[in-house]
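Q: Sequence and predicted structure, then a few things I'm wondering about:
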Amino acid sequence: MSKIRMAQYGTKHGHAVSWIASMLSNPQVELAGVYEPDPVRRQELMENDTVFRQVRHWYHSAEEMLGDPTIKAVTSEGLNAESLDQTEQIVNAGKHVLYDKPAGDNWHQWQRIVQRAEEQSLVLQMGYMFRYHHGFRQVAEWARSGLLGQVFSVRAHMSTNIPAGREGTGYNTRDTISRHHGGIFYDLGGHMLDQVVWLLGRPNKVTAFLRNDTTDAIPAFKDNTLGVFEYDKAIAIIDIAAMETRPMARRFEVYGTKGSAIVVEPFEPAHTLRLCLEEAGGGYDKGLHMIPVPEQGRQETHDLSLAAFIATIRGEQPPDRGYAHELLVQETLLRATGGVMGG
């Protein structure tokens, strides 16, 4: 079977290097090259980054890359402030796209991009890596199968630690993220919303608390945030801060009328799931179970995500999430951060 030629547009997203590593290691992919619009950044990576130094070709323009008919798919890895436009260019060029989170600030533009991708039967997959996390997948399976009964509560805590001042050339800074209304919730909330709406669908009402409690030098940055998502018979709560002491105590919890399931911290690498059942089911006895999770780091979740993307392009499987889901995650995120009006 011939390899699928892929390229990457942009390098300033925090996950950009992981997708390069995944493409280089996947035997079904030929990495044709990378286009980075910033020449200083491009030179820096060519000289200093051990993974990017393995890239054999750097394009001089987006047109050179997107105009190559042998390239079938592109990863979109620019800064959050530039990646929506870049993704639209990729889709307009007729390429499948694996687009890293989140899907921009412009809701109408994102709707247009998804519609255009669907019209061309292009695979458009968001880079929410927890879709391919053993623990999250198992919890979702339990919840969606009915093992937990009626899900009435989901709680997610996914804070991080971003220094107030960052040395070197990192782009995931408080100042950079402050360009987006919602701050750290905009940056990370989509990961948890990807799980929440997969379990519960579109919330009836969204209420968010977006505060700046420790970043005096950047008033626009929201560093202490909470989103509440109301359903007919359920509530989901997501809290994210930018200044939690490392290692962060990240958790994902699903509660139902017949049981509960929790991805116990840490997420990465996850070690344990907590399953509690009111009655026996799903191969488990009634009561509490602490279930080991196979060892899995961040890179493996990217590798599995890319493998699913390639399998979908080849027609070997349907997409793990469809166009409607990718729209719903972003709409819900923007409802929380103010990009879509109305709770």
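A: Looks like it arrived, so ask away.
Q: From residue 68, how far off is the closest residue to residue 297 other than its chain neighbours?
A: Excluding the flanking residues, the one nearest residue 297 by CB to CB, 6 or more residues apart in numbering is residue 269, at 5.2 Å. Any C-beta I mention is one placed from the backbone N, CA and C, and that applies to glycine too. Computed as CB to CB, to the nearest Å, the residue 269 to residue 68 distance reads 37 Å.
Q: rewinding a little: the residue nearest to residue 297: neighbouring residues, count only.
A: 16 (other CB atoms under 10 Å).
Q: Now it: which helix or strand?
A: Assigned by DSSP states H and E, residue 269 falls within no helix or strand.
Q: Could you give the backbone dihedrals for it?
A: phi -80, psi 140 (degrees, to the nearest 10).
Q: Distance of it relative to residue 233?
A: 34 Å.
Q: As a check, name the ranges of all strands in the stretch 51-200 of the chain.
A: Assigned by DSSP state E, counting those that start in this stretch, the strands in the stretch 51-200 of the chain fall at 73-76, 96-99, 124-126, 151-157.
Q: Quick one: closest of those strands to residue 310.
A: With distances scored as CB to CB, the stretch of the strands of the stretch 51-200 of the chain nearest to residue 310 is strand 73-76 (8.0 Å).
Q: for the record, mean pLDDT for stretch 283-298?
A: Averaging pLDDT along stretch 283-298 yields 94.
Q: Can you give me the end-to-end span of that stretch?
A: 29 Å (CA to CA, to the nearest Å).
Q: Enumerate the positions of that stretch that are buried.
A: 284, 293, 296 (16 or more other CB atoms under 10 Å).
Q: Pipe the residues you listed into CSV and attach secondary structure per row.
A: Listed next are the buried residues of stretch 283-298 as CSV, based on DSSP: H, G, I helix; E, B strand; the rest coil:
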residue, secondary structure
284, strand
293, coil
296, coil
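Q: List just the nearest of those to residue 34.
A: Distances from residue 34 to these, taken by CB to CB, are shortest for residue 296, at 26.6 Å.
Q: and that closest one, how far is that from residue 161?
A: 22 Å.
Q: low-scoring stretches of this structure, by residue?
A: 165-170, 342-343 (pLDDT under 70).
Q: just the helices in the stretch 1-150 of the chain please.
A: 16-25, 39-48, 62-66, 83-92, 107-119, 134-145 (DSSP state H, counting those that start in this stretch).
Q: which helices and strands sit right next to the third one?
A: Just to be clear, that refers to helix 62-66. strand 4-9, strand 29-35, helix 83-92 (3 or more CB pairs under 8 Å, 6 or more residues apart in numbering; DSSP states H and E).
Q: winner for burial among those?
A: Among the helices and strands packed on helix 62-66, strand 4-9 has the highest mean neighbour count (mean count of other CB atoms under 10 Å), at a mean of 24.
Q: Wait, residue 153 touches residue 231, no?
A: No: using CB atoms under 8 Å, residue 153 is not in contact with residue 231; the gap is 10.1 Å.
Q: More neighbours: which of those two?
A: residue 231 (18 against 13).
Q: The host helix or strand of residue 336 to helix 107-119, inter-axis angle?
A: Here residue 336, judged by DSSP H and E, is contained in helix 323-337. Here helix 323-337 runs at an angle of 170 degrees relative to helix 107-119 (axes from the mean of the first three to the mean of the last three CA atoms, to 10 degrees).
Q: domains of this protein?
A: 4-128+302-318, 134-295 (automatic domain parsing).
Q: With distance to residue 329 as new columns, can these be given to me in TSV?
A: TSV is the format used below for these (distance: least, CB to CB, whole Å):
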stretch	distance to residue 329
domain 4-128+302-318	7
domain 134-295	5
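Q: Looking at those domains, spot the one closest to residue 341.
A: So among the domains of the chain, domain 4-128+302-318 is nearest, using CB to CB, at 9.5 Å.
Q: Residue 32 is nearest to which of the helices of the stretch 1-150 of the chain?
A: Each of those has some distance to residue 32 by CB to CB; the shortest is helix 62-66, at 7.8 Å.
Q: And that closest one, how far out from the chain middle?
A: The chain centroid and the centroid of helix 62-66 are separated by 25 Å under CA atoms, centre = their mean, to the nearest Å.
Q: List the contacts of it.
A: 7, 9, 32-33, 35, 37, 59, 71, 74, 86, 89-90, 93, 95 (CB atoms under 8 Å, 6 or more residues apart in numbering).
Q: who touches the closest residue to residue 26 other than its chain neighbours in this structure?
A: With sequence-adjacent residues excluded and distances taken as CB to CB, 6+ apart, residue 26 is closest to residue 306, at 5.8 Å. The contact partners of residue 306, by CB under 8 Å, 6+ apart, come to 19, 22-23, 26, 29, 98.
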